[in-house]
Structures are given as C-alpha cells and as structure tokens.
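*Asks:* I'd like to go over a predicted model; first the sequence, then the structure.
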Amino acid sequence: MALTKADIINAVQTEGGFTKHQSTEIIEGLIELIKNKLENGEDVLISGFGKFCVMEKGERRGRNPATGEDLMLAPRRVVTFKCSGKLRDKIN
C-alpha cells in the first residue's frame, strides 16, 4: 500500500500534536519548497533519507509503440532519487 500525502498529514497531526490545518500547511509548504528547488535545477538532500537530483536527458531516438514509427524525443529534465546508506541499511 502506498503512503499518501493524507497519510503523512495525519501522522504529523497525531505524532506532532498539531491541528489538521497546521499539519496540512506544514506538509504542503515542505512539498512546495522541494518542488521549487527541483524546478530551479537544484538537488534536494534530506540527510538520512536520500537525495533528489535533477538530471538532463539529451535528445534521443524513440519509437511510438502504437504505430512503430521512429521519432526523436526532445531533451528534457528528469528527477531521480538516490537513497542514503542509512536508509538502504534499514531496508535490507
């Protein structure tokens, strides 16, 4: 089962002793901060959790799976995640 934003808000409310409104503002603010940093091309490092990195992908050849037609995919930026050693150890 996936952890949703609503689950995180409820956990902050329960464990942090905040109201539902305060918890929502905290989580929304955090997510917005992360999105803004990534949008500006900056990496986001959360110690003990991992690092969100913005990677540049160049133009490349692709194929339309429906028609089999070859096409060129435009350059783009993608977000990758590298988990920290501590998190990796906990998972394993």
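*Replies:* Okay, I see it. Note that this is a predicted model, so its numbers are computed, not measured.
*Asks:* tell me the mean pLDDT for stretch 56-64?
*Replies:* Mean pLDDT, stretch 56-64: 94.
*Asks:* measure that stretch end to end?
*Replies:* Stretch 56-64 has an end-to-end distance of 22 Å (criterion: Cα to Cα, to the nearest Å).
*Asks:* With stretch 43-53 instead?
*Replies:* Stretch 43-53 has its terminal residues 5 Å apart, counting by Cα to Cα.
*Asks:* average model confidence for that stretch?
*Replies:* Per-residue pLDDT over stretch 43-53 has a mean of 96.
*Asks:* For that stretch, which residues meet the burial criterion?
*Replies:* 44, 50, 52, 53 (16 or more other Cβ atoms under 10 Å). The C-beta positions use only the backbone N, C-alpha and C, and glycine is treated the same way.
*Asks:* what's the helix or strand for the last one?
*Replies:* Spelled out, it's residue 53. In this assignment (DSSP states H and E), residue 53 forms part of strand 50-57.
*Asks:* any chance you could map the helices in the protein?
*Replies:* 5-16, 20-39, 85-91 (DSSP state H).
*Asks:* now what about the longest one, what contacts it?
*Replies:* Residues outside helix 20-39 that contact it (Cβ atoms under 8 Å, 6 or more residues apart in numbering) are 5, 8-10, 12-13, 16, 18, 43-44, 52, 54, 79.
*Asks:* Reformat those as a markdown table; add distance to residue 64.
*Replies:* Output for these, formatted as a markdown table (distance: Cβ to Cβ, whole Å):
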| residue | distance to residue 64 |
| --- | --- |
| 5 | 34 |
| 8 | 38 |
| 9 | 40 |
| 10 | 42 |
| 12 | 44 |
| 13 | 46 |
| 16 | 48 |
| 18 | 49 |
| 43 | 33 |
| 44 | 34 |
| 52 | 30 |
| 54 | 27 |
| 79 | 25 |
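*Asks:* ChimeraX command for the buried members of those?
*Replies:* Buried residues among the contacts of helix 20-39 (16+ other Cβ under 10 Å), as a ChimeraX selection:
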select :8,9,12,13,44,52,54
